[in-house]
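Student: build me a structure from this.
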Amino acid sequence: MAQVAREVVEKAGVDVDKLLDLLIRNASAELTTYYYYTILRVNLIGLQGEGLKAIAEDARIEDRNHFEALVPRIYELGGKLPRNMNEFHDISACKPAYLPEDPTDIQAMLKVLVNAERCAVKGYTEICNMTAGKDHRTYDLALAILHEEVEHESWFAEFLGEGPSGHGGVRRQGHSPHVSRFLT
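Tutor: The predicted model follows:
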């Protein structure tokens, strides 16, 4: 499988090694963000924190779904995940979404969350630009993830008071409306 998939994508003009590097780094970002969002979510307490908790949880579960959806494509193209989890963490396309020094500072927490989403939006936009019209399967997957990452960013940006985004609120937790078809 990997031989044919890789061959077809290479013939279409995509640098598969560069694409695999991006896919693996973004898969790392998704899994590490899932982990860091777990810590952030646990610390969302009090009146302000509880209002944000459901949205952070939705983004957290969807990031895990993104990781799960990316892994098959990485292997289909002949790539593989690093054997060592520390190495995998350290190659993340995005900086770790660490809990702020003051975990009660909701504004600082929101900045961590929105910056993680903005990094993801940039990463999937790059993959879409690289694969558009050339690698339909990877493009379709990256575009689906991009849709969800844009929604996550807009949710957190609204909490920061950056203005309305036009996106609805939280959906059924972890539903991944755009990515779910890649998980079955």
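Student: from now on I want contacts and neighbour counts done on CA atoms only, so please keep to that.
Tutor: OK.
Student: any idea how many residues pack against the closest residue to Y75 other than its chain neighbours?
Tutor: The shortest distance from Y75 to any non-neighbouring residue, by CA to CA, 6 or more residues apart in numbering, is to A2 (6.8 Å). Residues contacting A2 under the criterion other CA atoms under 10 Å number 14.
Student: hey, which helix is longest across the protein?
Tutor: Longest helix in the chain by number of residues, with DSSP state H as the criterion: helix 46-76.
Student: so what's the model's average confidence on the helix or strand following it?
Tutor: Sequence order places helix 85-90 as the next helix or strand after helix 46-76, per DSSP states H and E. For helix 85-90, the mean per-residue pLDDT is 98.
Student: give the buried residues for helix 85-90.
Tutor: For helix 85-90, the neighbour count (16 or more other CA atoms under 10 Å) marks 88-89 as buried.
Student: report the rounded mean pLDDT for the strand or helix carrying L113.
Tutor: Following DSSP H and E, one finds L113 within helix 106-131. For helix 106-131, mean pLDDT rounds to 97.
Student: about what we covered before: doesn't K80 make contact with the residue nearest to Y75?
Tutor: No: look at A2 against K80 with CA atoms under 8 Å: they stay out of range, at 10.9 Å.
Student: can you pull out the low-pLDDT segments for the chain?
Tutor: For the chain, applying pLDDT under 70 flags the ranges 1, 167-174.
Student: what's around A120, how many residues?
Tutor: Neighbourhood size, A120 [other CA under 10 Å]: 26.
Student: check contacts around it.
Tutor: Neighbouring residues of A120 by CA atoms under 8 Å, 6 or more residues apart in numbering: 26, 29, 93-94, 146, 149.
Student: try F156
Tutor: By CA under 8 Å, 6+ apart, the residues touching F156 are 110, 113-114.
Student: next: M130.
Tutor: 14, 19.
Student: so the helix holding L113 versus helix 46-76, what angle?
Tutor: Counting by axes from the mean of the first three to the mean of the last three CA atoms, to 10 degrees, helix 106-131 lies at 20 degrees to helix 46-76.
Student: hang on, the earlier thing: take the contacts of A120 and keep only those in strands.
Tutor: The strands, defined by DSSP state E, take in nothing from these.
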